[in-house]
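[1] kindly return the folded structure for what I paste below:
(one chain, ligands or ions: 1)
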Amino acid sequence: MFDAIVIEKSQSGQHVARSEVTFAALQEGEVAVDVAWSTLNYKDALAITGSAPVVRNFPMVPGIDFAGTVAESRHPDYAVGDRVVLNGWGVGEKHWGGLAARAQVPGDWLVRLPDSLSARQAMAIGTAGYTAMLCVMALEEQGLTPDHGEIVVTGAAGGVGSVATALLAARGFRVAAVTGRASEGDYLKRLGAASIVDRAELQGALRPLNKERWAGAVDVTGGALLANLLSMMKYRGVVAACGLAAGMDLPSSVAPFILRGVRLIGVDSVMCPKSERERAWDKLSRELDLALLETMTTEIPMDHVIETAPKFLEGTVRGRIVVPVAG
Ligand code: NDP
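    Residues are numbered from 1 along each chain as shown. The predicted structure follows:
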């Protein structure tokens, strides 16, 4: 038996509890992993609270990512004792996830943990931080450099936003951090933000075009906020969009695209090809200041996972949350 958070659904609704689960219940996969650390991401909060249909089959162990050590392997690339990290691939949605002491997955879903990162640090980065790196890579693939101008990061005090702010500032970009929480201004400055923008400033009436302000953007919000950002991008600006914290819709117009050549790049971490994941994790291990990462990180025990999840939906989580799973 192993320790896990389990989501069940019955006629009376969804029930989530910490319980003991039998190894035999694990889904098929060539590699069994002793999970050491997991984390909570926005999507885990949606799954645990049941506020969006993230979970596709029940019972489900949530946790879209984990880091740990290979316990059994029938995959040629992995041997017992290898340190691995997993993000996405439907884990925690349709395949049992990381908020459990044991996971079993296809070996091709795993990425080898870079030597310089502990399992705890890997989960402090987690899917949020790995997605932040995918966003930064997307901006740079479009040729964006610090000379082009300021980069705006939305949801800056959250998980993706905090890591994106730190990564971009470390590369010499001037970062404008958008937050709805004025109280997080000092925190964001410590991560490297050059200026703090009140979220309300970007939630005004929508216009096809506004004064040109930013060369690039990492957006975790979607909705009217993303539409406003698009209208404020400089000529040939680049927006990496990865989230929906403000909404699924995009009430924009084609004006930024056809009159300013603005580029809107979608970023998905879940089905991202393995080679790109490996590149992102390698870059994270070399470029992210681990002392700064620690300042973004809060540790909670397994027993607090269920009560902490709603805080993501309230937008009150700062940075990243890690959960020790082993033992
Ligand atoms: P967090 O909850 O840690 O951060 C989200 C932040 O967004 C909040 O901290 C808050 O920041 C801001 N925010 C919250 N509500 C609103 C709102 N109504 N309007 C505007 N801003 C708001 O979540 P994550 O950083 O982990 O994830 C952010 C988004 O990215 C989520 O939508 C998530 O689903 C998505 N995501 C997508 C991935 C992909 O593969 N495409 C992978 C990972 C995440 P502040 O208070 O500073 O304004």
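[2] the residue of the stretch 101-250 of the chain at minimum distance from the ligand: neighbour count?
    Taking CB to the nearest ligand atom, the ligand has its nearest neighbour within the stretch 101-250 of the chain at Gly158, 1.9 Å off. The way it works is simple: take the backbone N, C-alpha and C, and place the C-beta from them, glycine included. Other residues near Gly158 come to 30 when the count uses other CB atoms under 10 Å.
[3] that one and Ile321 touch, don't they?
    No. The criterion here is CB atoms under 8 Å, and Gly158 misses it with Ile321 at 10.8 Å.
[4] the closest residue to Leu202 other than its chain neighbours and Ile5: what is the separation?
    The shortest distance from Leu202 to any non-neighbouring residue, by CB to CB, 6 or more residues apart in numbering, is to Asn228 (4.6 Å). Separation of Asn228 from Ile5 (CB to CB, to the nearest Å): 37 Å.
[5] which one of the two has more residues nearby?
    Neighbour count, other CB under 10 Å: between Asn228 and Ile5, Ile5 has more, with 29 against 21.
[6] tell me the SS of that one?
    strand (DSSP: H, G, I helix; E, B strand; the rest coil).
[7] sec struct for Arg56, please.
    Under three-state DSSP, Arg56 comes out as coil.
[8] residues contacting it?
    90, 93-94 (CB atoms under 8 Å, 6 or more residues apart in numbering).
[9] now for the helix or strand where Lys311 lies, which elements pack on it?
    Using DSSP states H and E, Lys311 sits in helix 310-314. The contact analysis (3 or more CB pairs under 8 Å, 6 or more residues apart in numbering; DSSP states H and E) places helix 310-314 against helix 42-49.
[10] run the contact check for the helix it packs on versus the ligand.
    Yes. Residues of helix 42-49 contacting the ligand under CB under 6 Å from any ligand atom: 42-43.
[11] what packs against that helix?
    Checking 3+ CB pairs under 8 Å, 6+ apart, helix 42-49 ends up next to strand 2-10, helix 310-314.
[12] residues in contact with the first one?
    Yep, that's strand 2-10 we're talking about. Strand 2-10 is contacted from outside by 14-21, 23, 47-48, 50, 55, 58-63, 96, 99-102, 302, 305-306, 325, using CB under 8 Å, 6+ apart.
[13] can I assume Gly68 sits in a strand?
    Yes. Looking at Gly68 with three-state DSSP, it is inside a strand.
[14] pretty sure it is touching Ala122, no?
    No. If you go by CB under 8 Å, Gly68 and Ala122 don't touch, sitting 9.4 Å apart.
[15] those two: which has the busier surroundings?
    Shown here are Gly68 and Ala122; by other CB under 10 Å, Ala122 has more neighbours (30 against 27).
[16] quick one, grab the pLDDT at the more buried one.
    Per-residue pLDDT puts Ala122 at 98.
[17] ok, now which ones touch it?
    For Ala122, the contact set (CB under 8 Å, 6+ apart) comprises 37, 67, 85, 113.
[18] is any part of the helix or strand harbouring the first one close to the ligand?
    With secondary structure defined by DSSP H and E, Trp37 is part of strand 31-40. No. In this structure, strand 31-40 remains apart from the ligand according to CB under 6 Å from any ligand atom; the gap is never smaller than 8.5 Å.
[19] so of the helices and strands packed on helix 42-49, which one's packed in deepest?
    Of all the helices and strands packed on helix 42-49, strand 2-10 has the most neighbours on average by mean count of other CB atoms under 10 Å, namely a mean of 19.
[20] for the following helix or strand past that one, list the C-alpha coordinates in PDB.
    Following strand 2-10 in sequence order, the next helix or strand is strand 13-21 (DSSP H and E). C-alpha atoms of strand 13-21 as PDB (Å, rounded to 0.1, in the frame of the first residue of the first chain):
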ATOM      1  CA  GLY A  13     -20.500  14.700  -6.000                       C
ATOM      2  CA  GLN A  14     -16.700  14.800  -5.800                       C
ATOM      3  CA  HIS A  15     -14.900  13.600  -2.700                       C
ATOM      4  CA  VAL A  16     -11.200  14.100  -2.000                       C
ATOM      5  CA  ALA A  17      -9.200  12.400   0.800                       C
ATOM      6  CA  ARG A  18      -5.800  11.300   1.700                       C
ATOM      7  CA  SER A  19      -5.800   7.500   1.800                       C
ATOM      8  CA  GLU A  20      -3.700   4.300   1.400                       C
ATOM      9  CA  VAL A  21      -3.900   2.700  -2.000                       C
END
